[in-house]
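> Have a look; sequence and predicted model below, questions after that.
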Amino acid sequence: MPARNVGYDRNNIFARILRGELPCRKVYEDAFALAFHDIHPKAAVHVLVIPKGAYMSFVDFTATAPPEMQAGFWRAVATVAKDLGVEDGFRLVSNIGPEGGQIVFHFHVHIVSGPRP
Ligand code: 5GP
């Protein structure tokens, strides 16, 4: 398992959004996570949820984040789905590594629901 921060680019787009250096269409924020609309939505609802920490991927996050952070993050994901009104039907997607189609190397999950816009 990779150690925390190994290869993490602190200037990746989502790190910059977290620091407020780049704008986003925010839908939710708490101590553990920030959620915002994907800039290129692939469905009527397409929101990204990111943890407030330097984790590259799902693998990095689940291997190295403290339990409180992991619980807080997944609780935030569930809250966002509920707030969006999609809790009865949505996809939860996380692309992991270049072979998995990951483009932004700050761990995130996609909440996707409904037809293409
Ligand atoms: P992934 O890394 O999971 O393959 O994809 C990254 C996702 O982030 C893509 O769906 C892309 O549209 C989205 N994205 C990339 N840059 C930005 C940005 O600057 N703002 C927002 N809101 N979404 C972005």
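Yes, it's here.

> On the three-state scheme, residue 86 is what?
Using DSSP: H, G, I helix; E, B strand; the rest coil, the structure places residue 86 in coil.

> Can you check the pLDDT for it?
With respect to pLDDT, residue 86 scores 97.

> Contact partners for the residue nearest to it when sequence neighbours are not counted?
Distances taken as CB to CB, 6 or more residues apart in numbering place residue 113 nearest to residue 86, at 4.0 Å, with adjacent residues excluded. In this view, the C-beta of every residue, glycine as well, is placed from N, C-alpha and C. Neighbouring residues of residue 113 by CB atoms under 8 Å, 6 or more residues apart in numbering: 43, 44, 45, 84, 86, 89, 90, 91.

> Buried subset of those residues as a ChimeraX selection?
Buried members of the contacts of residue 113, defined by 16 or more other CB atoms under 10 Å, are picked up in ChimeraX with:
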select :43,45,84,86,90
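
> now, which of the contacts of residue 113 sits nearest the ligand?
Set against the ligand, the nearest of those by CB to the nearest ligand atom is residue 43 (10.9 Å).

> can you give me the helices in the protein?
In the chain, the segments counted as helices under DSSP state H are 13-18, 58-64, 67-84.

> can you pull the buried residues of the second one?
Read it as helix 58-64. Per 16+ other CB under 10 Å, helix 58-64 contains these buried residues: 58, 59, 60, 61, 64.

> Excluding sequence neighbours, find me the nearest residue to the second one.
Distances taken as CB to CB, 6+ apart put residue 96 closest to residue 59, at 5.9 Å, once the chain neighbours are dropped.

> Restricted to strands, list the contacts of residue 113.
45, 91 (DSSP state E).

> Tell me the one of the contacts of residue 113 nearest residue 30?
When the contacts of residue 113 are compared for distance to residue 30 (CB to CB), residue 84 wins out at 15.3 Å.

> got the contact list for the residue lying closest to the closest one once chain neighbours are set aside?
Counting by CB to CB, 6+ apart, residue 84 lies nearest to residue 45, which is 5.6 Å off, once chain neighbours are set aside. Residue 45 sits next to 84, 86, 90, 111, 112, 113, 114 when contact means CB under 8 Å, 6+ apart.
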